[in-house]
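K.L.:
Mind folding the following:
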Amino acid sequence: MSTSRPKPPASFPAVGDRVQHEQYGVGSVTLLDVYHTVIDFDAHGIRRFVTNRIVVERTDDPGPTPSERRAIVLRRAKEERARVKAAALVEKVPVPSRRRRAKPDPEDAPAPAVEAPAETPVETPA
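P.N.:
From the prediction side, this is the model:
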């Protein structure tokens, strides 16, 4: 009789496995722990799932070729730059605050009125 325990079968999914998801399509498992599973989908980018709730199937799809992978990475980088640029434009728009009063523009202010000096009565010697 052997006292060694049998090895448990390899768990699915494991890091590096190619999987098929119903909504996002085909991707590669990049991170897997007790709580989260992170999958890099070919068409939708990186998505994080709760490990005990995700439903995926193993697939025989070999994935994108290295040249296709570079094109995907470049497209994602371009989309990210556009998103950051749009967010920066939104942040630059000044929002008036109720607490601060805007300083009046000196060009819009009316010119100060110059008062004529008051005439003083002149006393004549009598």
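K.L.:
Now I39: closest residue in space that isn't a chain neighbour?
P.N.:
G27 (4.4 Å; C-beta to C-beta, 6 or more residues apart in numbering). Any C-beta I mention is one placed from the backbone N, CA and C, and that applies to glycine too.
K.L.:
Tell me, how many residues neighbour the one you found?
P.N.:
G27: 25 surrounding residues under other C-beta atoms under 10 Å.
K.L.:
So it versus A14, what's the distance?
P.N.:
14 Å (C-beta to C-beta, to the nearest Å).
K.L.:
do the same with I72
P.N.:
Distance from I72 to A14, by C-beta to C-beta: 23 Å.
K.L.:
ok, now A71?
P.N.:
27 Å.
K.L.:
Please say which of those two ends up with more neighbours.
P.N.:
Higher neighbour count among A71 and A14: A71, with 12 against 9, using other C-beta under 10 Å.
K.L.:
Check which helix or strand that one maps to.
P.N.:
Take DSSP states H and E as the rule and A71 turns out to sit in helix 66-91.
K.L.:
And the strands in this structure?
P.N.:
Using DSSP state E, the strands of the chain run over 18-21, 25-32, 36-41, 45-50, 56-58.
K.L.:
Of the ones you listed, which is nearest K85?
P.N.:
Smallest distance to K85 across those (C-beta to C-beta): 18.3 Å, for strand 45-50.
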